[in-house]
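A.B. asks: quick one: sequence plus predicted model below, questions after.
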Amino acid sequence: MNTPGMADGVTTDYDYENLSAPIYNPHVNIFSSYFMPPLYSLVFIFGLLGNALVVLILIKYKKLKNMSDIYLLNLAISDLIFIISLPFWIYYTTNEWVFGNAMCKILSGVFSAGFYSGSFFITLLTVDRYLAIVHAVFALRARTVFYGTFSSAITWVVATLASVPASIFSHVQKEVESCKCNVFYPPGKEEEWKQVINLMMFILGLAIPFAIMIFCYSQIIWVLMKGHNERKRKAVRLIFAIMIVYFIFWMPYTITSLIHTYQSAFFSCGLGVDCDGNLRLALEVTEVIAMIHCCLNPLIYAFVGENFRKYISVFFRKHIAVYLCWLCPSQPKLEQSSSSSRSTTEHNILFSL
């Protein structure tokens, strides 16, 4: 799957007749047809179930009592929006685009907005941890549900605006007897637009958030080294894990996109060397890696978030075990234990999950 573009089924407002045909690496089609559909299907299933469970627990059990909860909820919603678009891309990897020009633009925008919003909300979570630990007194007034909701709304506006170019330049076009949904820039200014948008993606979605996170965590580590507060260290562990995993899975795609855009500055390809085709294959592979990320945050919560595991246990005991164990004599005891567990964990404001 390439990031979309073109006109309703066939036509566009631009004349592409004089453009040179793109170079296609045969391995790109093989990878797209045989590996991407099953991978995306697994991501869709596990991502939908996992993030839906996160949203349920945050609303039903955590009650969205502080800024961290608001940001984690929005991060899960960002992943869910991203995941809902996957069935369209799964179909597209083995067939032509049949969903029309409007859906091509919308889903291209969703892909871009998912990238930006994920990066922004992880940055906000890092800033939230920074305030809670480095500026604890100020955090008592600043880390409220109101400010969390307000900053989340601003974040969605910025992420949506940043994704507008991807939506505008994406349209459907007829290519070799099939309709393709890809990004197509106006003739004569293809390179300029491509460079600007990919550079914006790198700076706004990766470089600036990374710089902010480095600053925040350097200050957090400095404070934690001076004290021995295990409670605060646990509070940092979850957000740090989310940040690291995000950059591990999204950085390869972002950097590959940047290299593909400025490939003439990085490579000097001789005869018989298809640099563009190889980079297209690298883009396909790294895009799949980036897509996988949207189903990983629930796993991070399960393995790193101590409170999240407790809430999961409560949920399964009250809503799953009840139906799987009708004759279990200890069921009332389980429900009582679940209620007790929930009441002892909900008060902890420092833990994100």
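C.D. replies: Cool, the structure landed. Note that the structure is a prediction, hence the values are computed from the model and not measured.

A.B. asks: all helices for the stretch 51-200 of the chain, in order.
C.D. replies: According to DSSP state H, counting those that start in this stretch, the stretch 51-200 of the chain carries its helices in the segments 67-84, 86-94, 100-134, 136-142, 145-169, 190-202.

A.B. asks: give the rounded mean pLDDT of the last one.
C.D. replies: What it means is helix 190-202. For helix 190-202, the mean per-residue pLDDT is 89.

A.B. asks: report the inter-axis angle for it versus helix 100-134.
C.D. replies: With axes from the mean of the first three to the mean of the last three Cα atoms, to 10 degrees defining the directions, helix 190-202 sits at 30 degrees from helix 100-134.

A.B. asks: next SSE downstream of helix 190-202?
C.D. replies: Going down the chain from helix 190-202, the next helix or strand is helix 208-226, by DSSP states H and E.

A.B. asks: name the helices or strands packed onto that next one?
C.D. replies: Helices and strands touching helix 208-226, by 3 or more Cβ pairs under 8 Å, 6 or more residues apart in numbering; DSSP states H and E, are helix 100-134, helix 230-261. From N, CA and C alone the C-beta is placed, and that goes for glycine too.

A.B. asks: now do the buried residues in it.
C.D. replies: Across helix 208-226, burial judged by 16 or more other Cβ atoms under 10 Å covers P209, M213, C216, Y217, I220, V223, L224.

A.B. asks: report the rounded mean pLDDT for that helix.
C.D. replies: 91.

A.B. asks: could the helices of the stretch 51-200 of the chain be laid out in TSV, adding mean neighbour count and distance to R309?
C.D. replies: What follows is the helices of the stretch 51-200 of the chain, written out as TSV (neighbours: other Cβ atoms under 10 Å; distance: least, Cβ to Cβ, whole Å):
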stretch	mean neighbour count	distance to R309
helix 67-84	23	15
helix 86-94	18	27
helix 100-134	23	19
helix 136-142	12	25
helix 145-169	17	23
helix 190-202	15	35
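
A.B. asks: ok so, going back, could the helices and strands packed on helix 208-226 go into TSV alongside mean pLDDT and distance to V145?
C.D. replies: Listed next are those as TSV, based on pLDDT from 0 to 100; distance: least, Cβ to Cβ, whole Å:
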stretch	mean pLDDT	distance to V145
helix 100-134	93	12
helix 230-261	86	18
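
A.B. asks: format those helices as CSV; extra columns: distance to R280.
C.D. replies: Listed next are the helices and strands packed on helix 208-226 as CSV, based on distance: least, Cβ to Cβ, whole Å:
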stretch, distance to R280
helix 100-134, 17
helix 230-261, 7
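
A.B. asks: can you tell me the closest non-neighbouring residue to M251?
C.D. replies: Residue nearest to M251 in three dimensions, not counting chain neighbours: L206, with 6.6 Å by Cβ to Cβ, 6 or more residues apart in numbering.
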